[in-house]
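Peer 1: Mind folding the following:
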Amino acid sequence: MGLDLPSPLVVSANPLSQEVGNIVAMEDAGAGAVVLFSLFEEQIRRESAQVEQVYQTTTDTFAEASGFFPDLDEYTVGTGNYLEIIRQAKERVDIPIIASLNGVTPEGWIEYAREIEQAGADGLEINVYFIPADIRLSANDVEKRYLEIVKLLRETVEIPLAVKLSPYFSSIGNMSRQLQEAGADALVLFNRFYQPDFDIDEMRAVPNLDLSHPAEIRLPLLWIAVLYSRVPVSLAATTGLHGAKELIKYLLAGADVGMCASALLKQGIPWIADILEDLERYMEEMQFASIDAFRGSMSQRDISDPSGYERSNYIQIVGNKSWG
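Peer 2: Numbering: from 1, shown residues only. Model prediction:
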């Protein structure tokens, strides 16, 4: 995002950042930056008829579908508290503080982005939590929604913009290029969407969110390796980072930073220092003088046909008799 970070490990949006004391502890442990927990427009405007209409549209207008989405009444942190956390954090830490905004209406995106910038945030992560449940929406409609939001915010604020990208676009590479052209300074790969489970005894949808696990790095690892040096944006890898091994793999693929939340919730804030110590130990063993010395060294930038490369790997895997 054009920000100067003291380390490549960034704390992604999670509830721990609701306490400024935790943010201070994250800096002390070595975090390169902190992305605050997301501010949802519904938190402020949940009584607005306009937002209610959009919310119902998002659930495809069927009452049964409402159980698939979190209850808006569970959101408790409003814009005033959010902006105050930004101000207090900026007073107490030197690392960048990046806000995370999830809007609904154009007015909401503009209003809250401006307030976030005025509060002193160093950057803004655009968290477009949008599930296209309306089957009449085309792929172009979904892409257009993302691009219009980025363009709108680029015209509204001057701070760097990162887009937390969905893994479900038909052509992630092309979409990444369009987002960069629309004004994105960085891409975060990938957003983990809320996915419901079923309680088969109570016959209802259960609103749980499982924490990530290391095997989930495979998809962002692939796309960071593909996008590195092909699209002129910063690349942040999120999902599945539970140890130095995952952070190193992300950096080898070409990520500028690795982002963590689930492991932090499991292991506690001091875990950050442990990961960075392991990273330094790896660099010493491999005789890397800096992260730039190995970042992107396992990307696909020198491969003329990355799709063919992946297909050959797939054939090799399924043809291995020891598979499974």
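Peer 1: What's the separation between Leu211 and Pro8?
Peer 2: Remark: distance between Leu211 and Pro8 (Cβ to Cβ, to the nearest Å) = 22 Å. Quick note: C-beta positions are derived from backbone N, CA and C, even for glycine.
Peer 1: more neighbours, the two?
Peer 2: Set Leu211 next to Pro8 and count neighbours by other Cβ atoms under 10 Å: Pro8 wins out with 22 against 14.
Peer 1: Now do the same for that one: its pLDDT.
Peer 2: Pro8 carries a pLDDT value of 98.
Peer 1: Next: Tyr309.
Peer 2: You'll see Tyr309 listed with a pLDDT of 54.
Peer 1: Tell me which helix or strand in the chain has the weakest average pLDDT.
Peer 2: When each helix and strand of the chain is scored by mean pLDDT, DSSP states H and E, helix 49-58 comes last, with a mean of 46.
Peer 1: any weak-confidence spans in the stretch 51-200 of the chain?
Peer 2: Residues of the stretch 51-200 of the chain that meet the criterion pLDDT under 70 lie in 51-78, 104, 129, 193-195.
Peer 1: list the contacts for Ala215?
Peer 2: Gly240 (Cβ atoms under 8 Å, 6 or more residues apart in numbering).
Peer 1: What pairs with the strand ranked longest in the chain, parallel or antiparallel?
Peer 2: Looking across the chain with DSSP state E, the single longest strand is strand 33-40. Sheet pairing of strand 33-40 (DSSP bridges) gives strand 9-11 (parallel), strand 97-102 (parallel).
Peer 1: Leu165 contacts Ala184, correct?
Peer 2: No: look at Leu165 against Ala184 with Cβ atoms under 8 Å: they stay out of range, at 9.1 Å.
Peer 1: who's more crowded, these two?
Peer 2: Counted by other Cβ under 10 Å, Leu165 and Ala184 do not tie: Ala184 has more neighbours, with 27 against 24.
Peer 1: What helix or strand is that one located in?
Peer 2: Using DSSP states H and E, Ala184 is not contained in any helix or strand.
Peer 1: Spatially nearest residue to it, not counting backbone neighbours?
Peer 2: In this structure, Ala184 finds its nearest non-sequential neighbour in Val163, 4.8 Å apart by Cβ to Cβ, 6 or more residues apart in numbering.
Peer 1: got it, and Arg230?
Peer 2: Of all residues not flanking Arg230 in the chain, Arg301 sits nearest, at 6.7 Å (Cβ to Cβ, 6+ apart).
Peer 1: so who does the one you found touch?
Peer 2: Here Arg301 is in contact with Tyr228, Ser229, Arg230, Gly254 (criterion: Cβ under 8 Å, 6+ apart).
Peer 1: any idea how far the first one lies from Gln178?
Peer 2: Distance of Tyr228 to Gln178, given as Cβ to Cβ: 18 Å.
Peer 1: the more surrounded of the two?
Peer 2: Between Tyr228 and Gln178, counting by other Cβ under 10 Å, Tyr228 is the more crowded of the two (21 against 18).
Peer 1: How about the secondary structure of Gln118?
Peer 2: Following DSSP: H, G, I helix; E, B strand; the rest coil, we place Gln118 in the helix state.
Peer 1: can you offset everything so residue one is 719?
Peer 2: Sure thing, new numbering starts at 719, so read that last one as Gln836.
Peer 1: What is the neighbour count of it?
Peer 2: 12.
Peer 1: Which strands or helices does the helix or strand hosting Gly826 pack on?
Peer 2: Element membership for Gly826 (DSSP H and E) is helix 824-837. Secondary-structure packing of helix 824-837 (3 or more Cβ pairs under 8 Å, 6 or more residues apart in numbering; DSSP states H and E): helix 759-763, helix 797-810, strand 815-820, strand 841-845, helix 857-874.
Peer 1: Among these, show me which one is buried the most.
Peer 2: Counting by mean count of other Cβ atoms under 10 Å, strand 815-820 has the highest mean neighbour count of these, with a mean of 26.
Peer 1: my guess is Ser947 meets Gln1018, correct?
Peer 2: No: using Cβ under 8 Å, Ser947 is not in contact with Gln1018, being 9.3 Å away.
Peer 1: Neighbour count: the two, which is higher?
Peer 2: Taking neighbours as other Cβ under 10 Å, Ser947 and Gln1018 compare with Gln1018 leading, 22 against 12.
Peer 1: now the more buried one: how far from Met1004?
Peer 2: To Met1004, Gln1018 is 21 Å away according to Cβ to Cβ.
Peer 1: Then Glu835?
Peer 2: In this view, Glu835 and Met1004 are 40 Å apart by Cβ to Cβ.
Peer 1: For those two, indicate the residue with more neighbours.
Peer 2: Using other Cβ under 10 Å as the criterion, Glu835 and Met1004 rank with Glu835 on top: 19 against 10.
Peer 1: got the phi/psi numbers for the closest residue to Ser725 other than its chain neighbours?
Peer 2: Leaving aside its sequence neighbours, Ser725 sits nearest to Gly750 (Cβ to Cβ, 6+ apart; 4.1 Å). Per-residue torsions, Gly750: phi -80, psi -30 (degrees, to the nearest 10).
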